[in-house]
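Chemist: Build me a structure from this.
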Amino acid sequence: MKPKIREVIVVEGRYDKNALSQVVDAVILETGGFSVFNDREKLAFLRRLAQSRGLVLLTDSDGAGFVIRNYLKGALPRDRVKQAYIPDVPGKERRKRRGGKEGKLGVEGMEPRVLLDALRRSGATFEEGGEEPKGPPITKADLYAAGLAGGTDSREKRLALLKRLELPEHLTANGLLEALNLLMSREEFLRAMDSSTE
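Modeler: Residues are numbered from 1 along each chain as shown. Next comes the predicted model:
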């Protein structure tokens, strides 16, 4: 069974996310590489997650990884972000024809043991029995009932909610569902929906 981590882990790209998701049970988000520099909505979402759950930054050990890490260190609340570092290991990932400029393996090329060690050293919260149950999750049916999916004006309602919660406007109904379950309980969601219709 994979160890469960409470914080949201932030990595550079999808291959890093794939490698890490085979090692730990955690919410893992991608920065999209350097695109995070111009994505204010993603940054606002990361700030919200940092406040509610805490973040662990896990970028490659090359120069590009440190540029992304340093940008996020300056943009996110320092007391809510933990830093996980992988060692400099020469080589290239199997899927690539050529290695990176600096000839180092990235997160995706690390062995599971190395990734776990990096997370432990960062102070990530490993949960023994999983999280405290926070009640039933918010479901797709809840989104339909709130008019956020499936209706003629559901897109407008969804955009208004995304704006109110400072979430990216390009989130689909499924993406919204995932984000809501990270940020609040079902009870809090239902209360928020009741108060917005009053």
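Chemist: Would you map out the domains in this protein?
Modeler: Domain assignment for the chain by automatic domain parsing gives 4-127, 140-197.
Chemist: Tell me which of those domains is the most buried.
Modeler: domain 4-127 (a mean of 17; mean count of other C-beta atoms under 10 Å). C-betas here are computed from N, CA, C, even on glycine.
Chemist: Show me what whatever helix or strand residue 9 lives in is packed up against.
Modeler: Under the criterion of DSSP states H and E, residue 9 resides in strand 8-11. Packing contacts for strand 8-11, counted by 3 or more C-beta pairs under 8 Å, 6 or more residues apart in numbering; DSSP states H and E, involve helix 14-21, strand 28-30, helix 40-52, strand 55-58.
Chemist: Low-confidence ranges, this protein, go.
Modeler: Using pLDDT under 70 as the threshold, the predicted model of the chain has low-confidence ranges 129-134, 166, 168, 196-198.
Chemist: Show me where it has its helices.
Modeler: With DSSP state H as the criterion, the chain has helices at 14-21, 40-52, 63-75, 112-122, 140-145, 154-164, 173-183, 186-197.
Chemist: ok, back up a step: include distance to residue 141 when you put the helices and strands packed on strand 8-11 into CSV, please.
Modeler: Below are the helices and strands packed on strand 8-11 laid out as CSV (distance: least, C-beta to C-beta, whole Å):
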stretch, distance to residue 141
helix 14-21, 27
strand 28-30, 25
helix 40-52, 24
strand 55-58, 30
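Chemist: among these, which is nearest residue 113?
Modeler: Closest to residue 113 of the helices and strands packed on strand 8-11 is helix 14-21 (C-beta to C-beta; 12.5 Å).
Chemist: Next, the angle from that closest one to helix 112-122.
Modeler: 90 degrees (axes from the mean of the first three to the mean of the last three C-alpha atoms, to 10 degrees).
Chemist: going forward, begin numbering at 30 instead of 1
Modeler: Sounds good: first residue 30 from here, last item helix 43-50.
Chemist: elements contacting helix 43-50?
Modeler: By 3+ C-beta pairs under 8 Å, 6+ apart, helix 43-50 packs against strand 37-40, strand 57-59.
Chemist: follow-up on the earlier one: residue 215 is nearest to which of the helices and strands packed on strand 37-40?
Modeler: Among those, helix 69-81 sits nearest to residue 215 (C-beta to C-beta), with 15.2 Å.
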